[in-house]
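J.: coords please:
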Amino acid sequence: MRWTIALNLALVASTVLAQDFAAWDLSVPKRIRAPAIEAQLQVDKAALKAQGVDIFRRSSDDVVDIAEVFDEASPLSGATNEKRALRPMAIRLGGSAVDKDATAKNPLITPPAKRACAPVYSGSKTTIKGTGTLPKPTSFVQRSGQTLKVNGGNFRIVGTNIYWLCNDENVGLPKGLPTDKGRVREALAAAVAFGANTVRLTTCGTSLGSTPLLQPNATSFADEIYWDIHDYVLFAAREYGRRVVLPLTNNYDYYHGGKYTFLRWNSLSTGQYGSQFFTNSKAWSAYRWYVRTLRNRKNKYTRVAYKSDPTILAWETGNELGAWFGREGYPPQAWTSKAAGLIKELAPNTLVIDGTDGLWNYSTGAIPQGGKVSTVDIITDHVYPRNWGIINKEISIAKGFNKNFLLGEFDWTDSNGGDSLSSFLAQVLKQPTLGALVWNMLAHDAQCCKYVTHNEPYSIYYPNGNSASDQQKVLQLSQFFYKATGRTAPKTLVAVACPQPVF
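T.: You can find the predicted model right below:
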């Protein structure tokens, strides 16, 4: 039986602890280092034993994998930022028994909840609980003209964005900390139930600029503790049989970094919408180093390098480069050619998406030239609002380029007007090579008690966290995903167990 032992930093004082756990405060640049934590855990265990707590282990007295240290980060979200210096840290110790008398006396010992407290969803007789016999991605998806293929059959991208799946921002902790693994498992199980075969994970591909992220500064990459969640998400996606799309930078200055991070690191101008990112050699070198490092990472769970992992359906050169309808100016074709060529050089079997936003500017008639690049497989647009007239024009452009076309994000609500969701999905369904990823799915908190919310109208709280009218739209989306991939559409949303089994 596994118990969670919360080691209160205020009670077990240590110079090493105070220094190394300064990483909880993002204003302190020092990163957590596994050896220091392992040493401190031994001190903390001794202190607990002196208080009458005995911990018995199944095999050895070694500290559990240091990667599990952050596994219970989100449950601590009750602490405010002002109190984070005293926030307890949850450490999982895999023992076969714990002294129950000591547990009752000692406030540091907290047993796991006996059952989840999520709202009951009874709309389906089918529940996704664990990975079961879900088929795992073992072959790369390839492109033949406009059609994507895998294992001899056609493959159509359908699913959802889950931007926060590696670096969270919504749980009350400092933005960018590794996402709780329980939330990862639930979100991926929800994607299965939803009917998605693909999930687009922005923070899993773009993660730079501060201590919890993969590249905290211009000259170094993160310690293993921060790589762990990225490894785990790819591992978990594989176990749940989902493929992933990973954007490699961001057009905007968000908490998980992007093109402006590379510019600031090299003391380059951020003016003119960060245009120097596409033209300056220093910015290119910084981007190239980041891309190379990410590709060459060997996943500690799967023992497969990212560049060789068929779970990764595609690397995207960036998110919304050039902004909505290219209003900031489309990336130069020369830059897209270099970026796509770099990706293919490092991961020749993985698809490349041109991350330019907007395949056709309806007011100027401008068309980005990334579709002319031979190493680009997929061109994309983000649809806010839904406008089939524009998309129909873009379908013809994609055909001219002989590339696959993906709606990498689309609005499922009525927030922006546009075509009705039902008519929009019906039109998409008629286009056999057109992919579609809705924006954006959220999940419960780590205790499965309530949905973690995000401050925008596009959040999908699967299966029963939206309003009644929005729930009907979520069902329409799910039915579309099933139909678009040749499966029988469910009459009601498939249920998801929370929590999901640990693996």
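J.: avg pLDDT for stretch 160-179?
T.: The average of the pLDDT scores along stretch 160-179 is 97.
J.: repeat that for stretch 456-465.
T.: Per-residue scores along stretch 456-465 average to 97.
J.: which residue is nearest the centroid of the protein?
T.: L165 (3.0 Å; C-alpha atoms, centre = their mean).
J.: which of the three states applies to that residue?
T.: coil (DSSP: H, G, I helix; E, B strand; the rest coil).
J.: give me the neighbour count for the nearest residue to it once chain neighbours are set aside.
T.: Distances taken as C-beta to C-beta, 6 or more residues apart in numbering place L201 nearest to L165, at 4.9 Å, with adjacent residues excluded. Quick note: C-beta positions are derived from backbone N, CA and C, even for glycine. L201 has 25 neighbouring residues, counting by other C-beta atoms under 10 Å.
J.: same check, this time on N392
T.: Neighbours of N392 under the rule other C-beta under 10 Å: 11.
J.: what residues are up against it?
T.: Q427 (C-beta atoms under 8 Å, 6 or more residues apart in numbering).
J.: flag the shaky bits of the protein, pLDDT-wise.
T.: 1-116, 118-119 (pLDDT under 70).
J.: and the helices in it?
T.: Secondary structure of the chain (DSSP state H): helices located at 15-20, 34-50, 100-105, 181-194, 202-205, 224-239, 259-265, 271-274, 281-296, 333-346, 388-401, 421-429, 468-484.
J.: and the angle from the fourth one to helix 468-484?
T.: Which is helix 181-194. 70 degrees (axes from the mean of the first three to the mean of the last three C-alpha atoms, to 10 degrees).
J.: sorry, back to before: out of the helices of the chain, nearest to A495?
T.: helix 181-194 (6.8 Å; C-beta to C-beta).
J.: in that closest one, what's buried?
T.: 181-194 (16 or more other C-beta atoms under 10 Å).
J.: just give me the closest of those to S308.
T.: Nearest to S308, judged by C-beta to C-beta, of the buried residues of helix 181-194 is L188 at 21.1 Å.
J.: next one: the closest one from L313, what distance?
T.: Using C-beta to C-beta, to the nearest Å, L188 is found at 15 Å from L313.
J.: is it true that P385 touches D411?
T.: Yes: in this structure P385 lies within contact range of D411 using C-beta atoms under 8 Å: 5.7 Å.
J.: now do the shared contacts for those two.
T.: Residues within reach of P385 and of D411 at once, by C-beta under 8 Å, 6+ apart, are G418.
J.: when the two are compared, which one has more neighbours?
T.: Using other C-beta under 10 Å, the more surrounded residue of P385 and D411 is D411, with 20 against 15.
J.: check contacts around that one.
T.: Counted by C-beta under 8 Å, 6+ apart, D411 has contacts 383-386, 418, 439, 458.
J.: which two in those are spaced the farthest apart?
T.: By the measure C-beta to C-beta, G418 and W439 form the most distant pair in the contacts of D411, at 14.0 Å.
J.: compare those two (neighbour count), which wins?
T.: The neighbour count for G418 versus W439, taken as other C-beta under 10 Å, is higher for W439 (23 against 19).
J.: state the distance from the more buried one to S122.
T.: Computed as C-beta to C-beta, the W439 to S122 distance reads 28 Å.
J.: with T147 instead?
T.: T147 is 40 Å from S122, by C-beta to C-beta.
J.: got the contact list for the residue nearest to G205 when sequence neighbours are not counted?
T.: Closest residue in space to G205, ignoring its immediate chain neighbours: L246 at 3.2 Å, by C-beta to C-beta, 6+ apart. Applying C-beta under 8 Å, 6+ apart, we find L246 in contact with 200-201, 204-205, 312, 314-316.
J.: also A189?
T.: 128-130, 240, 496-497, 500.
J.: if you rank these by neighbours, which is first?
T.: V496 (27 neighbours).
J.: show me what that residue is bridged to.
T.: V496 has these beta-bridge partners by DSSP bridges: I128.
J.: now for it: which residues touch it?
T.: So V496 contacts 121, 127-129, 186, 189-190, 193, 462-463 (C-beta under 8 Å, 6+ apart).
J.: give me that answer again for 10 Å
T.: Contact analysis of V496 by C-beta atoms under 10 Å, 6 or more residues apart in numbering lists 118, 121, 124, 126-129, 186-194, 443-444, 462-464.
J.: equivalent analysis for P348, please.
T.: For P348, counting by C-beta under 10 Å, 6+ apart, the contacting residues are 140, 307-308, 375.
J.: just those: which are in strands?
T.: Counting by DSSP state E, none of the members of the contacts of P348 fall within strands.
J.: show me the two of these that sit farthest apart.
T.: Spatially, the most separated pair among those is S308 and T375, at 18.0 Å (C-beta to C-beta).
J.: coming back round to it: what's the closest of the helices of the chain to Y362?
T.: With C-beta to C-beta, the closest approach to Y362 among the helices of the chain belongs to helix 388-401: 5.6 Å.
J.: how many other residues sit next to S415?
T.: 12.
J.: for the one 10 residues further on, same thing?
T.: The burial count assigned to L425 is 23, neighbours taken as other C-beta under 10 Å.
J.: ok, it touching A489?
T.: No: in this structure, L425 is not within contact of A489 by C-beta atoms under 10 Å, at 11.2 Å.
J.: which neighbours do these two share?
T.: 476, 479-481, 483.
J.: most neighbours, which of the residues you listed?
T.: When neighbours are counted by other C-beta under 10 Å, F481 leads the shared contacts of L425 and A489 with 25 neighbours.
J.: quick one, what contacts that residue?
T.: 156, 158-160, 191, 194-198, 425, 436, 438, 487, 489-490.
J.: measure the closest residue to V304 other than its chain neighbours to E224 for me?
T.: Of all residues not flanking V304 in the chain, K298 sits nearest, at 7.1 Å (C-beta to C-beta, 6+ apart). Going from K298 to E224 by C-beta to C-beta gives 12 Å.
J.: shared neighbours, those two?
T.: What both K298 and E224 touch, as defined by C-beta under 10 Å, 6+ apart, is the set D231.
J.: list the contacts for the nearest residue to G329 once chain neighbours are set aside?
T.: Closest residue in space to G329, ignoring its immediate chain neighbours: G322 at 6.0 Å, by C-beta to C-beta, 6+ apart. G322 makes contacts with 251, 273, 278, 328-331, 355-358, 361, 366, 368, 370, as judged by C-beta under 10 Å, 6+ apart.
J.: among the residues you listed, which ones are buried?
T.: Buried members of the contacts of G322, counted by 16+ other C-beta under 10 Å: 251, 273, 278, 328, 330-331, 355-358, 361, 366, 368, 370.
J.: can I get those residues in a markdown table including distance to K430?
T.: Formatted as a markdown table, the buried ones among the contacts of G322 follow (distance: C-beta to C-beta, whole Å):
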| residue | distance to K430 |
| --- | --- |
| N251 | 31 |
| Y273 | 36 |
| F278 | 36 |
| E328 | 32 |
| Y330 | 28 |
| P331 | 31 |
| G355 | 26 |
| T356 | 25 |
| D357 | 24 |
| G358 | 22 |
| N361 | 25 |
| A366 | 27 |
| P368 | 25 |
| G370 | 26 |
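J.: the stretch 401-503 of the chain: strands as residue ranges?
T.: Along the stretch 401-503 of the chain, the stretches classed as strands by DSSP state E, counting those that start in this stretch are 404-410, 435-438, 441-442, 460-461, 495-496.
J.: of all these, which lies closest to V171?
T.: Nearest to V171, of all the strands of the stretch 401-503 of the chain, is strand 441-442, at 10.8 Å by C-beta to C-beta.
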